[in-house]
Every structure is written in C-alpha cells, then in structure tokens.
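I would like the atomic coordinates for the input below:
(one chain, ligands or ions: 2)
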Amino acid sequence: MPIINRIAEFHDDVVAWRRDFHLHPELQYDLPRTSGKVAELLREFGVDEVTPGVGRSGVVGIIRGRGTAGRTVGLRADMDALPIRERTGKPYASTTDGKMHACGHDGHTAMLLGAARYLAETRNFDGTVALIFQPAEEGGAGARTMLEDGLLERFGIEEVYGLHNMPGMPAGTFAIREGAIMASSDKFSIDIEGVGGHAARPHMSVDPVIIAANMIMALQSIVSRNRDPLLPAVLSITSIHAGSTFNVTPREVKLLGTIRALDEDVRRFMQERLCEMVPKLAEGFGGSATIDYEVGYPVVVNHGNETQLAAQVARDVVGDTLVDPQTPPSMGGEDFAFMLNKRPGAFIFLGNGSSSELHTDTYDFNDSIIPAGTSFWVRLIETALPLR
Ligand SMILES: [Zn+2]
Ligand SMILES: [Zn+2]
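Ligands and ions are numbered 1, 2, ... in the order given. Got it, this is the predicted structure:
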C-alpha cells in the first residue's frame, strides 16, 4: 500500500499550509496565528470536535470513525518555531525577523492537518482519533502542560504516536526502534566564586578561571570514568562567562551545560555525580561553587507493540527497504517523552533528505516527504482501529 491517492490529490494544499506556517513562525506558547489556523482548518474539514486552549495554546481535534466501538488513539504534532534568523533565501522564508521554523514543526503540523482532512472525509476506522497540536516543544514542555490540562482524560486517549523529520536520512524513509529512541535532556548552571584581584599578584587571589578550567576537564571524567561505558551519556559545558579585561582576576565564573542519557538511572547518576563534584572541586582550589540543576525532558521510550505497529504501517506506506526498525537512538531531546510515560505509543523519524541540520538557519522542511508522513498517519489509524 503506497502513498494514498486522495492524499496525493491534495498535496498542493498541504504544501501551501506548510509554507504559510513557515512564513509566520511563532514561539513557545505564543501561537495565536498558528493555533487559530489549525482550529479553523479542522472545522473546515468537518472534524467532530475542535477544542482550542488545551495546555494554554494547544488544539485538539476529535474525529469519530464509522464504527465507534474502538479505542481512542492520539496523533501528535508540534506547532512552535525557534528564535533563529532565517537564511534559507526561500520565497516562503520567515517574515518575522529572528523567528524561524528551523525544526520542521511547520511540516509536522501540515502533515497532521492533511491526515485530519482525509480521516474526516473517509472515516474508515472503528474508534476515535484525537489530533493533538502541541505548543512549546522547544524547551517549554508543552506536552507536559497539555497533560496537566487533562489532555488524556478529557479526550479519553489510550495510545499516542508522534513523528519527527530527520535531516540526513533519505527523504521519505522511516526509522524507529523499540525502547529508548531519544535522550533525556537536563540543563544546569554552575556559579564558581573565588577572590578577585590584580592579575599580576595571583597569590593574593583565588582564581575562579583556573577552577572553571579544571572543573570543565574534571567533569568529563564522570562520562569517561564513572559511567558504565555501555550506557550512553553526554555531559557538555556549553557556555563560560568570566572576567572583562586582561589584568584583573575576576571574582566569579558562570558555566552552563546539559546532560543527556538514554536511561533514567544513568540520568540520575550523572546528576548526582555532577552535583557532588562541583562544590568539592571548587573547594579543592580554595573557592566555592553552587550548582542549579534543572530536570528537563525524560528519555523518549517507545513501547514494544506500538513500535511494531508503527514500523509495519511505515512498511505498508513506503515499502520494506525504506524502513529501519532498529535505528540507533538520538541523543537529542523531545518532550513527547512525557506522553509516552503516560500512555503506550511510539515516536518515529521520517527522513528529510540531505537538508541542513535541525536548528540551523539554513534548514528547510522537505515538502516532498509530506505524502509519506500524511499517509503514515492515516494508515496508522486504519490499521490500529480496523473496521470489522
Ligand atoms: Zn527542535
Ligand atoms: Zn522538533
């Protein structure tokens, strides 16, 4: 079963929606135009219920099948863009300076709208589809906010699926794996305090720059010497702020960083070890340090049966050879993890071809993969909720 004909017929419409979202990117929870257009299109398609304002600016559409005995399955797309100045030079490039759809959420939203249109037209399934359009995936935990607003209970959602485009994977191919497919994503800031002074008299001060330099190196030993090498983990220091001139030893240094892991125990271990080492390292040099650790998105863990179903549906859509059912996990984060912690489901990657990487100013969602993504959603519903 290749790309569905009817979906190919309205491909131009989906591309037009995608490019319209791309022209008008919005950030985090502040999505009046995007969520407004999503709700308007869902109503136009004849979706049974459209509920805006779920989790502040999320939108949920409900479509009931010809049969109503079946389960309720949730399909999720994210709607938010990034604070990046676009440099694609495309005719549909962002019209808002400093905001850009650089993660392809414009494409995710458009593909799910395409599926909504088809499913509302045909309704060849037994049960209910909940179309989940989510705000604030980029660091704002919009998935968690929708859950806290009763998403699963209010709409009776029993299973959830998510999809993300992936640059570097051939266009229109799928990749998935059972178990951890994306990493947990936590962040921390470290404040190191020494004693400032004249840079010519180092013995009269406690140099926080030296403490920071040693700390940055020493913290990597958590990864290389403390962690089980068979269990992936990343610790990155991503920002250093210290001093302002050449002849003054500063009083303080601020470091920022992130920890990623594919296992919740490893994640906790990394956090504990980091928080334990930071003050002791600083004390060893005669200074002090405090750490502020912020627990972010959990590990994205795909459930067994739902992963098999999603892989089978992907094979039905694009053929066996274009689906990798055992793809290596990504150390990137995704707040869909919160949904998979509450309900069985799966998260799948869709190849975006040889485009620029996600979160770069030259990234562009590949419109040619829309029929594969939309057909995947539709077939997933018709397969998970078959008419008897
Ligand atoms: Zn992103
Ligand atoms: Zn994304």
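
can I get the longest helix seen in the chain as PDB, trimmed to CA atoms?
The single longest helix within the chain, with elements called by DSSP state H, is helix 264-284. Extracted in PDB, the C-alpha atoms of helix 264-284 (Å, rounded to 0.1, in the frame of the first residue of the first chain):
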ATOM      1  CA  GLU A 264      16.600   7.200  33.700                       C
ATOM      2  CA  ASP A 265      19.000   5.600  36.100                       C
ATOM      3  CA  VAL A 266      22.000   6.800  34.200                       C
ATOM      4  CA  ARG A 267      20.400  10.200  34.000                       C
ATOM      5  CA  ARG A 268      20.000  10.300  37.800                       C
ATOM      6  CA  PHE A 269      23.500   9.000  38.400                       C
ATOM      7  CA  MET A 270      25.000  11.700  36.100                       C
ATOM      8  CA  GLN A 271      23.100  14.400  38.000                       C
ATOM      9  CA  GLU A 272      24.200  13.100  41.400                       C
ATOM     10  CA  ARG A 273      27.800  12.800  40.500                       C
ATOM     11  CA  LEU A 274      27.800  16.300  38.900                       C
ATOM     12  CA  CYS A 275      26.200  17.900  41.900                       C
ATOM     13  CA  GLU A 276      28.600  16.100  44.200                       C
ATOM     14  CA  MET A 277      31.800  17.000  42.300                       C
ATOM     15  CA  VAL A 278      31.100  20.700  41.600                       C
ATOM     16  CA  PRO A 279      31.400  22.100  45.200                       C
ATOM     17  CA  LYS A 280      34.300  19.800  46.100                       C
ATOM     18  CA  LEU A 281      36.300  20.700  43.000                       C
ATOM     19  CA  ALA A 282      35.900  24.400  43.800                       C
ATOM     20  CA  GLU A 283      36.800  23.800  47.500                       C
ATOM     21  CA  GLY A 284      40.000  22.000  46.500                       C
END
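
list the buried residues of that helix.
266-267, 269-271, 273-274, 277-279, 281-282 (16 or more other CB atoms under 10 Å). C-beta here means a position set from N, CA and C on the backbone, and glycine is covered the same way.

one more: stretch 21-40?
21-29, 31, 34-35, 37-39.

so Thr72 is in which element?
Assessed by DSSP states H and E, Thr72 sits inside strand 67-78.

ok, Phe347 next?
Using DSSP H and E, Phe347 falls in strand 345-351.

helix or strand next in line after that strand, which one?
As assigned by DSSP H and E, the chain's next helix or strand after strand 345-351 is helix 370-384.

can you give me how far that following helix is from the chain middle?
20 Å (CA atoms, centre = their mean, to the nearest Å).

then stretch 150-158?
21 Å.

what do you get for stretch 143-162?
On the basis of CA atoms, centre = their mean, stretch 143-162 sits 16 Å off its chain's mean C-alpha point.

go on, stretch 269-280?
Put simply, stretch 269-280 sits 27 Å off its chain's centre (CA atoms, centre = their mean).

average pLDDT across it?
Averaged across stretch 269-280, pLDDT comes to 98.

hmm, who's touching that stretch?
Residues outside stretch 269-280 that contact it (CB atoms under 8 Å, 6 or more residues apart in numbering) are 186, 188, 190, 215, 218-219, 222, 226-227, 233, 235, 259, 261, 288-291, 293, 295.

can you say which of the residues you listed are buried?
Buried, going by 16+ other CB under 10 Å: 186, 188, 190, 215, 219, 222, 227, 233, 235, 259, 261, 288-289, 291, 293, out of these.

for Met169, give its distance to Ser354.
Between Met169 and Ser354 the computed distance is 9 Å (CB to CB, to the nearest Å).

and the residue nearest to Gly351 when sequence neighbours are not counted, what are its phi and psi?
Excluding its sequence neighbours, the residue lying closest to Gly351 (CB to CB, 6 or more residues apart in numbering) is Met169, at 3.2 Å. Note on Met169: its backbone torsions stand at phi -90, psi 140 [degrees, to the nearest 10].

do you know how far Met169 is from Gly98?
Applying CB to CB, the value for Met169 to Gly98 is 29 Å.

got it, and Leu340?
From Leu340 to Gly98 the distance is 32 Å (CB to CB).

please apply the same query to His303.
Taking CB to CB, one finds His303 at 39 Å from Gly98.

same deal with His164?
His164 is 24 Å from Gly98, by CB to CB.

so where does Glu306 fall, helix or strand?
Applying DSSP H and E, one finds Glu306 within helix 304-318.

who are the packing partners of that helix?
When contacts are defined as 3 or more CB pairs under 8 Å, 6 or more residues apart in numbering; DSSP states H and E, helix 304-318 sits against strand 159-166, strand 174-175, strand 323-324, strand 345-351, helix 370-384.

of all those, which one comes closest to Ile132?
With CB to CB as the measure, strand 159-166 is the member of the helices and strands packed on helix 304-318 nearest Ile132 (7.5 Å).

quick one: strands adjacent to that closest one?
Strand 159-166 has the following strand partners under DSSP bridges: strand 67-78 (parallel), strand 345-351 (parallel).
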